[in-house]
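A.B. asks: what shape does this take:
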Amino acid sequence: MAVILSNPDQAIVNLVHEALNLLQAYPALAILASILLSTLPLVVIFPSGFAFITWMERKGLARIQNRIGPNRVGVPFTNIKLFGLGQPLADGVKMLLKEDIVPRTADKFAHFLAPVLVVIPALLVLALLPFNRNMVAAGVDSAVILFFALGSVSTLAIFMAGWSSRNKYSLLGGMRAIAQMVSYEIPLVLSAVTAIMITGSLNTSRLIETQQIGTWAASNNVGLQCLSQVAGWNVFTPWGFAGFVIFFIATLAEVNRSPFDLPEADSEIIAGHLTEYSGFKYALFFLAEYIGAFAMSGLATTLFLGGWHGPNIRPWWSADPEAWIIPGALWFFLKMLLLIVLMIWVRGTFPRLRVDQLMGFAWKFLMPLSILNIFVAGAYFYLPIWIGWPAGFIILYIAYELLGRLNRGQVVARREYRYAT
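C.D. replies: Below you'll find the predicted structure:
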């Protein structure tokens with residue numbers, strides 16, 4: 001109890017260290033326990049979160065579209081409905097019981113390997129995210145590069161799914177999905193470069209630590225302590241705000257979220273590279289999609305939204321100079337959840353793009369804007385803040401307007417409807 005009260009922010013970390021100290025006499029067992037304690041929560045929490053988010057998305061979209069949404073399936077073997085919270089479990093059981101149909105001419109090994117290969121990288125990149133101070137499964141100095149490198153493996157898995165099905169629709173759908181992912185990976189990475197430039201580090205923990213005003217955090221003033229955890233976020237700078245918006249839009253395309261969900265759009269009649277998949281293999285692709293959304297939301301939180309920093313104060317009863325009352329992991333997961341909610345809101349609000357609009361938006365708008373944002377970030381770093389902030393905002397706004405006008409299509413005259421009298 002004393003360990004928790006001395007620093008509530010680091011309570012989980014301290015408890016894990018205390019548990020590992022009990023196994024010092026058994027080094028092999030201590031190493032195994034350390035690996036399990038670092039990875040098992042990721043494997044349990046995020047797939048479970050996938051089930052909850054699918055329910056929340058269906059309820060949220062139903063609310064936006066003036067429908068009811070899932071409300072029948074509740075606690076198994078009872079009449080308790082619980083707002084349809086049992087629907088994800090019912091869907092999971094349905095997918096497990098469905099027959100796994102594989103085309104006769106398919107490459108069966110590659111057909112089986114594709115959904116596995118798309119899930120594993122999505123889970124691996126979660127180990128690079130620092131959910132709190134001293135709470136990262138894999139503390140790698142070049143974590144951001146490794147994050148993007150692992151994430152690009154899913155491109156290979158999608159092509160493998162389309163090619164191994166021996167179906168021309170699957171192959172074409174897989175190639176279209178790859179074209180979309182490769183196109184939006186460029187502005188995605190370029191938008192992340194700005195935060196890396198300002199921080200001077202590829203380490204995700206270091207990227208978060210710099211988004212705090214240290215002198216205010218060390219103050220005895222409660223108001224300054226709260227502001228120190230918020231005012232330093234990168235999103236409150238011109239380059240950070242532009243980088244966050246570009247990163248979020250590119251993320252929607254990378255994880256195949258609306259309005260960029262063309263690879264398996266309803267209007268395409270078929271499901272793209274998923275045409276020849278059924279049962280649990282089909283479900284694995286959507287599991288990877290949602291876990292990828294979690295991972296990208298976590299990286300956006302790390303790069304632009306201050307990571308584990310949030311309105312916080314130091315506990316007056318503790319002598320620890322780094323103690324905070326509210327655990328930073330709570331702020332991190334709350335920001336991730338808000339970004340997921342924003343993705344759901346976008347899905348229920350914006351219409352789907354055409355293929356030419358989707359590709360043109362990436363190459364003609366997002367990419368030049370993200371390149372310009374790198375130069376703005378460099379100028380902001382060297383200029384005084386009272387010059388760098390307004391100058392960066394004005395330059396990016398002018399670029400936004402010019403690129404918008406250059407890429408705007410032909411203005412179509414408003415259609416007039418005439419009715420017989």
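
A.B. asks: which helices and strands does whichever strand or helix holds I387 pack with?
C.D. replies: Element membership of I387 [criterion: DSSP states H and E] is helix 385-406. Packing partners of helix 385-406 (3 or more C-beta pairs under 8 Å, 6 or more residues apart in numbering; DSSP states H and E): helix 238-254, helix 367-382. Backbone N, C-alpha and C define where each C-beta goes, glycine included.

A.B. asks: single out the most deeply packed of the ones you listed.
C.D. replies: Highest mean neighbour count of the helices and strands packed on helix 385-406: helix 238-254, a mean of 24 (counted as mean count of other C-beta atoms under 10 Å).

A.B. asks: report the angle between it and helix 367-382.
C.D. replies: 150 degrees (axes from the mean of the first three to the mean of the last three C-alpha atoms, to 10 degrees).

A.B. asks: tell me the first helix or strand C-terminal of helix 238-254.
C.D. replies: helix 279-304.

A.B. asks: with just CA atoms, put the helix or strand just after that following helix into PDB.
C.D. replies: Downstream of helix 279-304, the first helix or strand assigned by DSSP H and E is helix 328-347. Only the C-alpha atoms of helix 328-347 are listed here, as PDB (Å, rounded to 0.1, in the frame of the first residue of the first chain):
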ATOM      1  CA  GLY A 328      -0.300   8.800 -16.800                       C
ATOM      2  CA  ALA A 329      -1.500   5.500 -18.300                       C
ATOM      3  CA  LEU A 330      -5.100   6.700 -17.700                       C
ATOM      4  CA  TRP A 331      -4.500   9.900 -19.800                       C
ATOM      5  CA  PHE A 332      -2.800   7.900 -22.500                       C
ATOM      6  CA  PHE A 333      -5.700   5.400 -22.900                       C
ATOM      7  CA  LEU A 334      -8.200   8.200 -22.700                       C
ATOM      8  CA  LYS A 335      -6.600  10.000 -25.600                       C
ATOM      9  CA  MET A 336      -6.400   6.800 -27.600                       C
ATOM     10  CA  LEU A 337     -10.100   6.300 -27.000                       C
ATOM     11  CA  LEU A 338     -11.000   9.800 -28.000                       C
ATOM     12  CA  LEU A 339      -9.200   9.300 -31.300                       C
ATOM     13  CA  ILE A 340     -11.000   6.000 -31.900                       C
ATOM     14  CA  VAL A 341     -14.300   7.800 -31.200                       C
ATOM     15  CA  LEU A 342     -13.300  10.500 -33.700                       C
ATOM     16  CA  MET A 343     -12.700   7.800 -36.300                       C
ATOM     17  CA  ILE A 344     -16.200   6.400 -35.700                       C
ATOM     18  CA  TRP A 345     -17.700   9.900 -36.000                       C
ATOM     19  CA  VAL A 346     -15.900  10.400 -39.300                       C
ATOM     20  CA  ARG A 347     -17.200   7.100 -40.600                       C
END
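
A.B. asks: check which helices and strands helix 328-347 sits against.
C.D. replies: Judged by 3+ C-beta pairs under 8 Å, 6+ apart, helix 328-347 is in contact with helix 27-64, helix 238-254, helix 279-304.

A.B. asks: rank those by mean pLDDT and give me the bottom one.
C.D. replies: The weakest mean pLDDT among the helices and strands packed on helix 328-347 belongs to helix 27-64, with a mean of 88.

A.B. asks: ok so L15 is a strand residue?
C.D. replies: No. Counting by DSSP: H, G, I helix; E, B strand; the rest coil, L15 is not found in a strand; it is helix.

A.B. asks: what's the closest non-adjacent residue to R63?
C.D. replies: Distances taken as C-beta to C-beta, 6 or more residues apart in numbering put G69 closest to R63, at 7.1 Å, once the chain neighbours are dropped.

A.B. asks: wait, isn't that neighbour in contact with E57?
C.D. replies: No. G69 is beyond contact range of E57, at 9.4 Å (criterion: C-beta atoms under 8 Å).

A.B. asks: what's around S142, how many residues?
C.D. replies: Look at S142: counted by other C-beta atoms under 10 Å, it has 13 neighbours.

A.B. asks: from V153, how far off is it?
C.D. replies: 17 Å (C-beta to C-beta, to the nearest Å).

A.B. asks: cool, W316 as well?
C.D. replies: 48 Å.

A.B. asks: with neighbour numbers in mind, choose between those two.
C.D. replies: Taking other C-beta under 10 Å, W316 and V153 do not tie; V153 has more neighbours (16 against 9).
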